[in-house]
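Predicted model follows, preceded by the sequence.
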Amino acid sequence: MDIDLKHLSPGDIDWLVEQHRRLYAHDEGFDETFPALVRQILEDFDADHDQTAERAFIAWDGAQRLGCIFCVREDEETAKLRLFFLMPEARGKGLGKRLLAECMGFARDCGYRRMALWTHESHRAACALYQKTGWRLVRSTPKVSFGVEVVEQGWEIDL
């Protein structure tokens, strides 16, 4: 798989919102509040990100988008991993590991000392990857989000 990682470009936001909406509704039962949140995160990033300390990584195979990961500033020492997403056909081929490594490497190169992320326990493959790569589970909280019962998790890693 010859995958290019590109910055956020025209059309990416609409595509990412639609794929998140479609797949999370199907796989998790999430309601329309989820793609609304994804759109807000992406539009805020596009309008106001610091190019020296924040970055989008959009995975492309030729003319086809396969997924993404974002590195954003939480504070001076902490980068936040956001919107880690792979299309089903791109899973299990090492692309997730590559995206995570690129995002963490970027954060390290920017001088961040740690990274944090928020996810759901049901995202088992991603959580297994976080654990395998040295992330620590620091919070696990049952709640109702996006119209369904979930277990929200917080993970962190020192860079």
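Ah, there it is. Because the structure is a prediction, the values reported are computed rather than measured.

List the buried residues in the helix or strand bottoming out on mean pLDDT in the chain.
Using mean pLDDT, DSSP states H and E, helix 124-132 stands out as the lowest-scoring helix or strand of the chain, at a mean of 93. The neighbour-count check on helix 124-132 (16 or more other C-beta atoms under 10 Å) flags 126-127, 129-130 as buried. In short, each C-beta sits where N, CA and C put it, glycine included.

What helices and strands are in contact with it?
helix 95-109, strand 114-120, strand 136-145, strand 148-158 (3 or more C-beta pairs under 8 Å, 6 or more residues apart in numbering; DSSP states H and E).

contact partners of the longest one?
Contact partners of helix 95-109, identified using C-beta atoms under 8 Å, 6 or more residues apart in numbering, comprise 1, 3, 5, 55, 57, 59, 66-71, 79, 81, 84, 86, 115, 125-126, 129-130, 133, 157, 159.

quick check: angle from it to strand 148-158?
50 degrees (axes from the mean of the first three to the mean of the last three C-alpha atoms, to 10 degrees).

just the third one next, same as before
Between the axes of strand 136-145 and strand 148-158, defined by the same axes, to 10 degrees, the angle is 160 degrees.

Poorly predicted segments of this structure, please.
1 (pLDDT under 70).

hmm, back to that, who's in contact with the least confident helix or strand of the chain?
Here helix 124-132 has contacts from 84, 91, 96-97, 100, 117, 119, 121, 137, 153, 155, 157, using C-beta under 8 Å, 6+ apart.

Narrow those to those that are buried.
Among these, the ones that count as buried by 16+ other C-beta under 10 Å are 84, 96, 100, 117, 119, 153, 155, 157.

tell me which of the residues you listed is nearest to Leu16?
Phe84 (11.5 Å; C-beta to C-beta).

Contacts only, for the closest one.
Going by C-beta under 8 Å, 6+ apart, the list of residues near Phe84 reads 67-70, 96, 99-100, 103, 117, 119, 126.
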